[in-house]
Each structure stands twice: as structure tokens, then as C-alpha cells.
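Chemist: just to be clear, the model below is a prediction. Sequence and coordinates:
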Amino acid sequence: MPTVNFINQQLKADVPEGTPLVTAARTAGVTIETPCNGVGTCGKCKVRLAEKSQLENIEIHGSHPSLTEAEIQDGYILACQAKVKGNIDILYNEKTAENLNVRIISSGHTFDYAIKSFITKKTDGKNTKVFGGEKLLGTEDGDTENQMYGIALDIGTTTMVAELYSLTDGKLLASESMLNPQSAYAQDVLSRIQFAKGENGLTTLYEAFLKAFGVLRDSIVNTAQIDPKYIYEVVFSGNTAMLHLATNTDPSPLGKYPYLSNVKGGESIPAAELGISNFGLVYLPPIISAFVGADITSGIFISKLKERKGKTLFIDIGTNGEIVMANNGRLAATSTAAGPAFEGMNIACGMRAAPGAVEQFAIDENGGFSFKTIGGSKATGICGSGLLDITGELVRTKVIEKTGRFAKANPLLKDHNGKPAFFITDEVFLTLQDVRQVQLAKGAIRSGITALLNSLGIGAGDIDEALIAGSFGYHLSESSLLNIGLLPPELQGKIKFLGNTSQSGAAAFLLNADFRKTIPTIIDGVEKIELANTPHFDELFVQSLGF
């Protein structure tokens, strides 16, 4: 079998002839992301052959639109467009630092509540019985009544956050976050569902989740210096597809009409059934629909959306855009696929929210601009919040026209491979294709908002408050959201950022069992709006693309 040798990482793999190079990399333990889902347009899987003569050991298929002619001459290829025919040596600088240092918001809006754990203990001094509700989970030697812990886990499409709590007093003991490793195989929900349908696809994604969860668990246990055998429950909060993949459940019905879910939530599952050690139970909050999941259930609950007076718009912005409208207690929800652009993917200089990423940008009245990077270090790329800031400022100053095109002969634009681009530094820039990605992402969410409001007969000017949830959403500014038209202009001055409500909601369900009894009555009353069934939605989406 051919050997693929990743020189930089000192890793290699023997793979059958015809194996995609991306698969060979993963076999060797090298993470190569494919945000464009392997069609060759994003360039994120770019690698270099150590010897150009080894091209004869590679079968190239498809096109390489994201590579320049100079890169091709230097031996660069796209791993997603290559298959292994013989021995090759690969040069690839895996961005391990970015993966380790990515900034993820773990906290979210919450409220004060009593601690009333689903897990309880009773001791006679010699032995301690552990209960999950009224069910006996096991008996321990000695008096362990005060040693009782649980984990609230937010499983995002792009990120994962774990918090360790004491179930006796509700104290937060440790918190850790990381990128969801499943994104290396497929970036968004729909492509992940598709990947899971392939041979060993579901198993691959499930095992990636289990491994990541194990890393998070070990980290918070070490930080808190507790014995993991006293962790009895974990709450999984995430969108419907992520809950399928985290429970090793076939998600394929989510990807085709009538979009049914094999996971309902609102239940506890023995942790042993999911291959998780050291836990008694895994609780899944109830889901709302195939594409409005437990993360939004958590958000609705922790923001007390049903109790709010007036008209409140709740939006969780990320790879997916989930939208809920609350009208004096009446809730209606929908979801739209924004794609990975807001995470910095499918962008020429895009990156995660890690040190060196441009996160803030502004143009002054004289046409000069300033920017801020995460960590204050040299700019190495653009993360999602920076992308919206840059695009919004260029739209505001008419460097980008309403159609999404660059204004002709604008002094702020420079040539890049024969096409205009906006350069933040000599190495970090925004292309016309990047602007197009922003248009598609913002158009998806804006059209979803408009369709939801239209179906309820509510005008944007009637909304009293707009709540922005999600780890990504927390980094955004009101001006960016309004400048690019992701939100209607009528919402100016009405926007509030809640942070990671999926996480804070998961913590509430972990620490107070009574909430698990009340949440189903809230969720059962949510009206589900399917955008696919909305008249003329395609036309609405096209109208929403303009700035």
C-alpha cells in the first residue's frame, strides 16, 4: 500500500491506492478541514508536495479554483481533490495553535434559581445510595453524600463547551471549550447529515464526539481536582442533528422531507448505552423540530421568552440561524442554514476566533481605517465578527455597492490575482468571493426573519426587543448587523446580546430537575414554521442578498 508521509508532523499512514488524500491525512492523525465540503473552492485543505516529481503518485480530479498559478507551480494541491496512487511526502502546517486557542464564549444569560438536582443521595453512614429521580442508580461504600457532580455540555456545530458543577450547591467548578472535531469532516449541519449516511460515516462522527468529550471531561476534572467517579449526570444541549450524532443515532431523516427526527429529547438515557464512562445518566432537553433543537429549547427557557410582554425576536446566530418570535407568550420558530462563513470558513483569509484574527474594524471620516486583533498580535486572518465588521464598514462607506460588488476605481481597493480586493494588511484581505459568502449567510438569516414575521403578520417596526444568542453572536456589534442588513433597520437600539444560552440553559436543567417538568409545556406550544413551505421564499431569499 502507498505511504503518505506528513513531514511537518512526523506522522504517516499506509492507505489503499485510490484513497482520498483528506482521508489519508485523518488516518495519519492530521486534521485537514474541508469547509467547502470537498468541492475545491475554499482552499483550506491546501498542501504541498515535498517533491514535484511525486505528482505522478497523485491522481488529481475536479478543479483547483482556489489555487493560484504560482502555487500550482510550487507543488501545491488540494487534498480534497487528490487521490493517492503511490508514496508521497506532504508539507502541511496544521493550525494546532488555532485549534487550542480559539476563543469560545461559554457563559450566557441566566437567572437565579434554587438548586434541586435530579441526582440525589441518601446515606446511613456506612453506605450511600445514589438516585436519579426515584430510580436507584447504585450504592457506594461509606458516606459520599457531599460528593455529587454533573456536567452541562453545549454541543455546537462548530464548538463544544463543558462546565462542571457541584450538584449539592450549584457551584461552577471548572469550564473548558474546544472546536467540535466533527467539523473536520463536514462544516455545516446538512453536510454532516450527508457524511453520516456514508460508509462508517455515523461511527466516525460519533467516535470523534466521544473523544472530544473525553478531552473536555478530563480537563475540567483535573482543574477542579475531583474524583470523576462522582460525576453522575451530563446534560447535552445542541441542535437536533448534533444530538443525533452525540447519541449515535441515524440523522438521515432530518435531511429529507418531511424532516423527521429520530431523537425527541425530554428524556434521560443511561450513559453506558452511549459509551460514556463515569456517568449515571445523560439528559436531553426536548427538541422543537428537525432544525430547531435543544439548544433553542435552552435559549427559550433561560431567557424566559414565553413570559416576556410585547413582541420579542430571539435569534441564535451561527452555522445555523434559529429564529423564535415571541408575541405576549405565543412562540413561533424557524431555522435557516447560514453556512460556515460566520465562523471564518469559506473565506480567503478566514480563520477561527483565535489570536491574530481581525475581530474589529472601522473606517473613519477621512477614509482611514483601524482594526483590532484577538490577543493584540499581528493580523493573520479574519474571524467571523471581523468579517461582518469589515463588510459592514465597506458597505457603509460605499466601497461595496448594494449589489455586493466593489465600487469601480475606489482608492481603497488593490489588485489581487487580476481582481479587486480590500487589503487590511499586505497578507490579510477581503475578496469579492468573500463578500458573496457574507451575502449568502446574511441573506439566509434575513430572509428567515422576514418569512417568520410575515407568516405571523408582524412588522419589523412592531418588535420591542431583539435578543441575539450564541457564542458567535456575542462578539458582534449592532452596527455590523444593521450595516450589512442581517437585521432590519427598525431594530436599531432594540438589540441585546445574551451570549451562549444553550450552555446556560443546559446548566439550569442540570441543577434544577423541576425545570425538566415545565419545559415540555412551553415547547409543545411553539408553532413551527417551515421555510421550505413558505410561498415565494426563493424570491425572498434573493431579495435579502442585497446590502
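Modeler: Sure thing, it's come through.
Chemist: all strands of the stretch 251-400 of the chain, in order?
Modeler: 267-270, 281-284, 311-317, 320-327, 330-337, 357-363, 369-373, 381-382 (DSSP state E, counting those that start in this stretch).
Chemist: I believe I226 is in a helix; please confirm or correct that.
Modeler: No - assignment of I226 by DSSP: H, G, I helix; E, B strand; the rest coil gives coil, placing it outside any helix.
Chemist: which residues in the stretch 151-300 of the chain form helices?
Modeler: 189-197, 201-224, 240-246, 294-302 (DSSP state H, counting those that start in this stretch).
Chemist: name the residues of the second one that are buried.
Modeler: Neighbour-count burial for helix 201-224, with 16 or more other CB atoms under 10 Å as criterion, is recorded at 201-202, 204-206, 208-209, 212-213, 216-217, 219-221, 224. Backbone N, C-alpha and C define where each C-beta goes, glycine included.
Chemist: mind saving the C-alpha coords of that helix as CSV?
Modeler: What follows is helix 201-224, C-alpha atoms only, in CSV (Å, rounded to 0.1, in the frame of the first residue of the first chain):
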residue,chain,number,x,y,z
GLY,A,201,-19.8,8.0,8.5
LEU,A,202,-22.0,7.9,11.6
THR,A,203,-19.5,5.9,13.5
THR,A,204,-16.7,8.3,12.5
LEU,A,205,-18.6,11.3,13.7
TYR,A,206,-19.8,9.6,16.9
GLU,A,207,-16.3,8.5,17.9
ALA,A,208,-15.0,12.0,17.2
PHE,A,209,-17.5,13.4,19.6
LEU,A,210,-16.8,10.8,22.3
LYS,A,211,-13.1,11.5,22.0
ALA,A,212,-13.6,15.3,22.3
PHE,A,213,-16.0,14.9,25.2
GLY,A,214,-13.4,12.8,27.0
VAL,A,215,-10.8,15.5,26.5
LEU,A,216,-13.2,18.1,27.9
ARG,A,217,-14.2,15.9,30.8
ASP,A,218,-10.6,15.1,31.8
SER,A,219,-9.6,18.8,31.6
ILE,A,220,-12.4,20.1,33.9
VAL,A,221,-11.9,17.2,36.3
ASN,A,222,-8.2,18.0,36.6
THR,A,223,-8.9,21.7,37.1
ALA,A,224,-11.5,21.0,39.8
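Chemist: what residues does it touch?
Modeler: Helix 201-224 has contacts (CB atoms under 8 Å, 6 or more residues apart in numbering) with 149, 151, 153, 155, 160, 162-164, 173-178, 180-182, 184-185, 192, 195-196, 228, 231, 245-246, 248, 250-251, 275-276, 278.
Chemist: just the buried ones among those, please.
Modeler: 149, 151, 153, 155, 160, 162-164, 174-178, 180-182, 184-185, 192, 195-196, 228, 231, 245-246, 248, 251, 276, 278.
Chemist: how much space separates R446 from T203?
Modeler: Applying CB to CB, to the nearest Å, the value for R446 to T203 is 38 Å.
Chemist: so L531 touches T336, yeah?
Modeler: Yes - using CB atoms under 8 Å, L531 makes contact with T336 at a distance of 6.1 Å.
Chemist: what do these two both touch?
Modeler: With CB under 8 Å, 6+ apart, L531 and T336 have common neighbours 447-448.
Chemist: tell me which of those two has more neighbours.
Modeler: Per other CB atoms under 10 Å, whichever of L531 and T336 has more neighbours is T336, with 23 against 20.
Chemist: excluding chain neighbours, what is closest to the more buried one?
Modeler: Using CB to CB, 6 or more residues apart in numbering and skipping residues adjacent in sequence, the residue nearest T336 is G448, 3.7 Å away.
Chemist: and what of A357?
Modeler: Nearest to A357 is C383, by CB to CB, 6+ apart, at 3.8 Å.
Chemist: V15 too?
Modeler: A24 (4.7 Å).
Chemist: quick one, phi/psi of the one you found?
Modeler: phi -60, psi -40 (degrees, to the nearest 10).
Chemist: wouldn't it be in contact with K85 here?
Modeler: No - judged on CB under 8 Å, A24 makes no contact with K85 at a distance of 11.5 Å.
Chemist: comparing these two, which residue is more hemmed in?
Modeler: Between A24 and K85, counted using other CB under 10 Å, A24 has the larger neighbour count: 26 against 16.
Chemist: let me see the contact set for the more buried one.
Modeler: With CB under 8 Å, 6+ apart, A24 has these contacts: 4, 13, 15, 84.
Chemist: quick check: phi and psi on the third one?
Modeler: This points to V15. Dihedral angles (degrees, to the nearest 10) for V15: phi -130, psi 150.
Chemist: now do it against D389, distance only.
Modeler: 42 Å.
Chemist: over to the last one?
Modeler: Remark: distance between V84 and D389 (CB to CB) = 41 Å.
Chemist: settle it for me: which of the two has more neighbours?
Modeler: Remark: of V84 and D389, D389 carries more neighbours, 27 against 23, as counted by other CB under 10 Å.
Chemist: what's the neighbour count on the closest residue to that one other than its chain neighbours?
Modeler: Closest residue to D389 apart from its sequence neighbours, by CB to CB, 6+ apart: F361 at 4.1 Å. For F361, the count of nearby residues is 23 (other CB under 10 Å).
Chemist: so F361 sits against A379, correct?
Modeler: No - F361 is beyond contact range of A379, at 10.3 Å (criterion: CB under 8 Å).
Chemist: shared neighbours of the two, anything?
Modeler: Common neighbours of F361 and A379 (CB under 8 Å, 6+ apart) are 371, 424.
Chemist: is it true that G470 touches N500?
Modeler: Yes - under the criterion of CB under 8 Å, G470 makes contact with N500 at 6.7 Å.
Chemist: now the common contact residues for those two.
Modeler: If you check G470 and N500 against CB under 8 Å, 6+ apart, no residue is contacted by both.
Chemist: pLDDT below threshold where in this structure?
Modeler: The model of the chain has pLDDT under 70 over residues 35-37, 41, 62-66, 93-106, 278.
Chemist: would you map out the domains in it?
Modeler: 3-94, 119-296 (automatic domain parsing).
Chemist: could I get these in a markdown table, plus columns for distance to F541?
Modeler: Output for these, formatted as a markdown table (distance: least, CB to CB, whole Å):
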| stretch | distance to F541 |
| --- | --- |
| domain 3-94 | 20 |
| domain 119-296 | 16 |
